[in-house]
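**Student:** Sequence and predicted model, in that order:
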Amino acid sequence: MIRSILIRGDYLFGQKEREMPESADPSGRSLTPEEQIRELTPRQIQVLQLVAQGLSYKQVARALFVTERTVKFHIGEIMDRLHLAHRRDAIALARRAGLIPDEPPE
């Protein structure tokens, strides 16, 4: 919760600062998957694509020449930026945005 407060500023003196749907912009309209994915950095998209292929955090770390802790950090940032609770939801969103094929390669 503290991380959420520091990163997103969700709470102000114990009360939610904003009461906006997770996938809405300030005007109140729903964002498309493509618009939501634009919140991610190129590296975060790369991590998400590798995780969607079924690679473990350790395998992703090796592929990107980073530590497993860095991969976990990127996943946490992805979840925070997209306002999601589960990796599978982030993968589904990326699929809808066209960043990840519907079926993982065999």
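**Tutor:** Now that the structure is in, tell me what you want to look at.
**Student:** Lowest mean pLDDT among the helices and strands, pick that one out for the protein.
**Tutor:** One helix or strand of the chain scores below all others by mean pLDDT, DSSP states H and E: strand 15-16, with a mean of 43.
**Student:** Where do the strands of this protein begin and end?
**Tutor:** For the chain, the strands defined by DSSP state E cover 11-12, 15-16.
**Student:** average pLDDT across the first one?
**Tutor:** Mean pLDDT, computed over strand 11-12, is 46.
**Student:** Show me what the longest helix along the chain is in contact with.
**Tutor:** Identified as the longest helix of the chain according to DSSP state H is helix 68-82. Helix 68-82 has contacts (Cβ atoms under 8 Å, 6 or more residues apart in numbering) with 3-4, 7-8, 36-37, 39-40, 43-44, 47-48, 51, 57-58, 60-61, 64, 84-87, 89-90, 93. C-beta coordinates here come from the backbone N, C-alpha and C atoms, glycine included.
**Student:** Can you tell me how far residue 36 is from residue 74?
**Tutor:** Plainly put, residue 36 is 17 Å away from residue 74 if you go by Cβ to Cβ, to the nearest Å.
**Student:** buried set for the longest helix of the chain?
**Tutor:** Within helix 68-82, the residues scored as buried using 16 or more other Cβ atoms under 10 Å are 70-71, 74-75, 77-78, 81-82.
**Student:** wait, which of these is closest to residue 101?
**Tutor:** Using Cβ to Cβ, residue 78 comes nearest to residue 101 of the buried residues of helix 68-82, at 18.4 Å.
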